[in-house]
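Q: Provide a 3D model corresponding to the input given below.
(chains A, B, C and D)
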2 protein chains.
Amino acid sequence: MKRKSSPEPGGEALEAQLARAGLRPTAQRQHVYRVLLRKRDHPTAEEVFLRAKQEIPDISMATVYNCLDALVRCGLVKQVHHDRGATRYCSNMTEHHHFYCDECGGAFDITTDPEAGHPEMTLPPGFQMRRYEIAFNGLCPQCAARQSRNHR
Amino acid sequence: MKRKSSPEPGGEALEAQLARAGLRPTAQRQHVYRVLLRKRDHPTAEEVFLRAKQEIPDISMATVYNCLDALVRCGLVKQVHHDRGATRYCSNMTEHHHFYCDECGGAFDITTDPEAGHPEMTLPPGFQMRRYEIAFNGLCPQCAARQSRNHR
DNA sequence: GTTTGAAACTAGAATTGTTCTAAGTCTTGA
DNA sequence: TCAAGACTTAGAACAATTCTAGTTTCAAAC
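A: Below is the predicted model:
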């Protein structure tokens, strides 16, 4: 907590976005955001906490939750939910969906084909859709390869 | 717990399916299943517990979780997850997706158009998809109607 | 009919992920 | 330089779920 805000990778976008939401670009927020940019593997709050601690040893779990919440509110980060597992955080803000590996539990971004429209499903009359999210399940390339190797 | 298993609505399918998984058709399991068939509004375990209690006052929360788990394992019921809310249970086993109302929190079944194929998304090479689920968000017919009424 | 062992039930404790609270610290602007 | 508000912190509280240990039930063997 003896840290001045200073330009960092992703810092400019971060400061502008936070400011737009009336939030201050504190060292903790900057660092949590950097952690998310550095390794885009959809970490849980716990994992973000552990990674953030390496540089800011005094950071608390509550602060990590607060920072993640601030980043979500100002549109820099998305929450990703799967089953009842812990919330994961994703710094990829382009339109995309997720693939969850049944084997290793990993989450992978699946980029939407830009010319594909909404899913072919016609919603019954009256429903007003605002967004939709597709969750794919199965085996990721690594686990699929390992399985087919073991089956021989 | 002084109840003998007896034929009930949905009982035959239930008994057969449970037996196939090597599970006994106990009064609790039958009743929990009946609760799910009776009102197909995607109740949480807590809600199932409260409804089940009306007929079996001694039933415990742990048993409700056990029964729901048994029903899921033998393929009579599906778990439905949304955000980090409590798990909901769905006795509609036909292929379908879900619409979640941002306003009232309700969950609605969205039946898949049988001739529509998988979503237009091409998964990157290597991924082996087993299933996918689309979660729609927005306003349900009731809430959409209420909103447009209030905006006038 | 009893006995016996496995399956299922129960209450309550434990666990997990998250949010809340209260107190302290920092920053900004008057 | 001081006050007000924003932010951080530790730890308590909370909700949903799972685990544990003891009891009950059931079915099949005796």
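Q: which stretches in chain A count as strands?
A: All strands of chain A, identified by DSSP state E, fall at A:78-80, A:88-90, A:96-101, A:107-111, A:128-139.
Q: out of the ones you listed, flag the one nearest residue B:150.
A: Across the strands of chain A, the minimum distance to residue B:150, taken as CB to CB, is reached by strand A:128-139, at 14.1 Å. For the C-beta atoms, the positions are set from N, CA and C on the backbone; glycine is no exception.
Q: angle of that closest one against strand B:128-139?
A: 160 degrees (axes from the mean of the first three to the mean of the last three CA atoms, to 10 degrees).
Q: so what touches strand A:128-139?
A: A:82, A:97-103, A:110, A:118-119, A:123, A:144, A:147, B:99, B:102, B:119, B:121, B:123, B:127-139, B:144 (CB atoms under 8 Å, 6 or more residues apart in numbering or on different chains).
Q: off-centre distance for it?
A: 15 Å (CA atoms, centre = their mean, to the nearest Å).
Q: what pairs with that strand, parallel or antiparallel?
A: strand A:96-101 (parallel), strand B:128-139 (antiparallel) (DSSP bridges).
Q: as a markdown table, those with mean neighbour count would be great.
A: A markdown table is the format used below for the strands paired with strand A:128-139 (neighbours: other CB atoms under 10 Å in any protein chain shown):
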| stretch | mean neighbour count |
| --- | --- |
| strand A:96-101 | 20 |
| strand B:128-139 | 17 |
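Q: give me the low-pLDDT residue ranges for chain A?
A: A:1-11, A:114-120 (pLDDT under 70).
Q: quick revisit: can you add distance to DNA strand C and give the strands of chain A back as TSV?
A: As requested, the strands of chain A are arranged in TSV below (distance: least, CB to the nearest atom of the strand, whole Å):
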stretch	distance to DNA strand C
strand A:78-80	8
strand A:88-90	8
strand A:96-101	15
strand A:107-111	13
strand A:128-139	16
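Q: circling back: just the contacts of strand A:128-139 that are near DNA strand D?
A: Checked against DNA strand D using CB under 7 Å from any atom of the strand, those give no members in range.
Q: who's in contact with the spatially most central residue of chain A?
A: Centroid-nearest residue in chain A: residue A:90, 1.1 Å away (criterion: CA atoms, centre = their mean). By CB under 8 Å, 6+ apart, residue A:90 lies in contact with A:36, A:40, A:42, A:77-80, A:109.
Q: and the residues you listed, which are buried?
A: A:36, A:42, A:77-78, A:80, A:109 (16 or more other CB atoms under 10 Å in any protein chain shown).
Q: and these as TSV, adding distance to residue B:13?
A: Putting the buried ones among the contacts of residue A:90 into TSV (distance: CB to CB, whole Å) gives the following:
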residue	distance to residue B:13
A:36	48
A:42	39
A:77	45
A:78	41
A:80	36
A:109	40
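Q: since we're on residue A:29, how many residues are nearby?
A: 23 (other CB atoms under 10 Å in any protein chain shown).
Q: surely it meets residue A:72?
A: No: using CB atoms under 8 Å, residue A:29 is not in contact with residue A:72, being 11.6 Å away.
Q: quick check: the residue of chain A nearest DNA strand C.
A: Closest approach between chain A and DNA strand C, counting by CB to the nearest atom of the strand: residue A:87, at 3.1 Å.
Q: ok, the closest residue in space to that residue that isn't next to it in sequence - contacts?
A: Closest residue to residue A:87 apart from its sequence neighbours, by CB to CB, 6 or more residues apart in numbering or on different chains: residue A:79 at 5.3 Å. Contacts for residue A:79 were tallied using CB under 8 Å, 6+ apart; they are A:72, A:87-90.
Q: same thing but at 10 Å, please
A: With contacts defined as CB atoms under 10 Å, 6 or more residues apart in numbering or on different chains, residue A:79 is in contact with A:45, A:68-69, A:71-72, A:87-90, B:83-84.
Q: buried ones among the residues you listed?
A: Using 16+ other CB under 10 Å as the burial test, those include A:45, A:68, A:71, A:87-90 as buried.
Q: what's the local residue count around residue A:22?
A: Close neighbours of residue A:22, defined as other CB under 10 Å, add up to 7.
Q: give the contact list for it.
A: The neighbours of residue A:22, taking CB under 10 Å, 6+ apart as the test, are residue A:74.
Q: got it, and the one 10 residues further on?
A: Contacts were defined as CB under 10 Å, 6+ apart; by that measure residue A:32 touches A:14, A:26, A:45, A:48-49, A:51-52, A:56, A:59, A:63-68, A:70-71, A:77, A:89.
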